[in-house]
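**Q** what's the 3D shape of this:
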Amino acid sequence: MKKIDGHLHLVRSVAGFNGKGRMTPLGKGRTIWDDGTVIKLIPDGWGDDDFTAESALKVMDENGIDKAVLLQGSLNGYQNYYSYQSIKKYPDKFIGAFSVDPFSEFYMKIVKRHVEDLGFRAMKFEISQGGGMHGYHFTTPFRLDTDPRIGRIFHFLSDYPGFTVTVDYGDFSQFSYQPEAIANLAKMYPRLDFVVCHLSFPNADHLDRLQNALEQWAPYKNIYTDISAIQDIEGETDFPFPRCQKDVSLAKDILGAGRIIWGTDSPWSSTFNSYKDLSTWLEESKIFSDSELEDVMYNNAIKVYFKDSAIKAVKEADDPALKD
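**A** Numbers count the residues shown, from 1 in each chain. You can find the predicted model right below:
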């Protein structure tokens, strides 16, 4: 069966930034935040201070993964340009999204450059309080569906039908948690696709909360969810992850298999569970039929991220910044 990792991060150089401050590499895959928090960011054998496209391709090949979607996040630091370079170098393997901080002065210039010049047809909003923008814009909480700065971005993106917007908004305890904003945006921009990362941060002991989010999205066929990192969120290392099975089964019941995208959120997630386990647990769980599993593991990512228009745009992109 073909597989696409629908949520992967490359790390050309560690540049993490969130509420804990800046991240500095320590070697052997370990890093330290400015507040003194030490984490193992990169699994052994994947890279000491980086996780390159070539390292990712090796991991993918060893685990039977055909393609990957390259996303951005504050944990690793935005790797926008390296993602662009990797997609251009390996167009049959990668597609990706860029990110921007809408509180920066030239954020619209950055958005336009990545869409018009670099050919991105997906954008990720990493707004979670725990790991993203709400952590370092803590005193100015904002909503995706009403903030005027972000509104300017959506008005621009609406000129690109089929554009994909991916959102990580953290868990229910954070200012950033806003599943209702996704429903509002899907209604306001029916020609865009929306992907909510990490299945809205589920908790198998509180499935009613997840059900509430999923039922808000159910009427809008342009809302999808990826199920990356839910093992980390549930604190599970017991393959094949029975708590995660409860979460995904509920998502299947409400959204259907055609709106769920498998992914891992590696490299970090592969420091808690092996990439092999993360890439095979759904097969072992028997939640999906064979045809449904093909959708979750491959077809849905093709439909949402690897659109013909997205592949064409990045193929034709030629960075004007390097022409001189």
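**Q** you'd agree Leu26 is in a strand?
**A** Yes. The assignment for Leu26 by DSSP: H, G, I helix; E, B strand; the rest coil puts it in a strand.
**Q** quick one: secondary structure of the residue nearest to it when sequence neighbours are not counted?
**A** Leaving aside its chain neighbours, Leu26 sits nearest to Ile32 (5.7 Å; criterion: Cβ to Cβ, 6 or more residues apart in numbering). (Glycine included, C-beta is placed from N, CA and C.) Classification of Ile32 by three-state DSSP places it in strand.
**Q** just Asn300 next, same as before
**A** helix.
**Q** Can you give me the neighbour number for Arg22?
**A** Burial measure for Arg22: 14 neighbouring residues, criterion other Cβ atoms under 10 Å.
**Q** contacting residues around Thr146?
**A** Going by Cβ atoms under 8 Å, 6 or more residues apart in numbering, Thr146 touches Ala181.
**Q** How much space separates it from Ala181?
**A** Thr146 is 8 Å from Ala181, where distance means Cβ to Cβ, to the nearest Å.
**Q** just Asp238 next, same as before
**A** Between Asp238 and Ala181 the computed distance is 34 Å (Cβ to Cβ).
**Q** could you pull out the helices for this protein?
**A** Here the chain has its helices, by DSSP state H, at 53-62, 80-89, 107-112, 133-136, 148-157, 179-188, 207-217, 230-234, 242-255, 275-285, 290-294, 300-304, 308-316.
**Q** With mean neighbour count, mean pLDDT and distance to Leu41 as extra columns, can I get these in a markdown table?
**A** Formatted as a markdown table, the helices of the chain follow (neighbours: other Cβ atoms under 10 Å; pLDDT from 0 to 100; distance: least, Cβ to Cβ, whole Å):
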| stretch | mean neighbour count | mean pLDDT | distance to Leu41 |
| --- | --- | --- | --- |
| helix 53-62 | 17 | 98 | 13 |
| helix 80-89 | 19 | 98 | 16 |
| helix 107-112 | 16 | 98 | 25 |
| helix 133-136 | 22 | 95 | 17 |
| helix 148-157 | 15 | 98 | 28 |
| helix 179-188 | 19 | 98 | 28 |
| helix 207-217 | 18 | 98 | 28 |
| helix 230-234 | 22 | 98 | 13 |
| helix 242-255 | 18 | 98 | 22 |
| helix 275-285 | 19 | 98 | 14 |
| helix 290-294 | 14 | 98 | 30 |
| helix 300-304 | 22 | 98 | 24 |
| helix 308-316 | 14 | 98 | 27 |
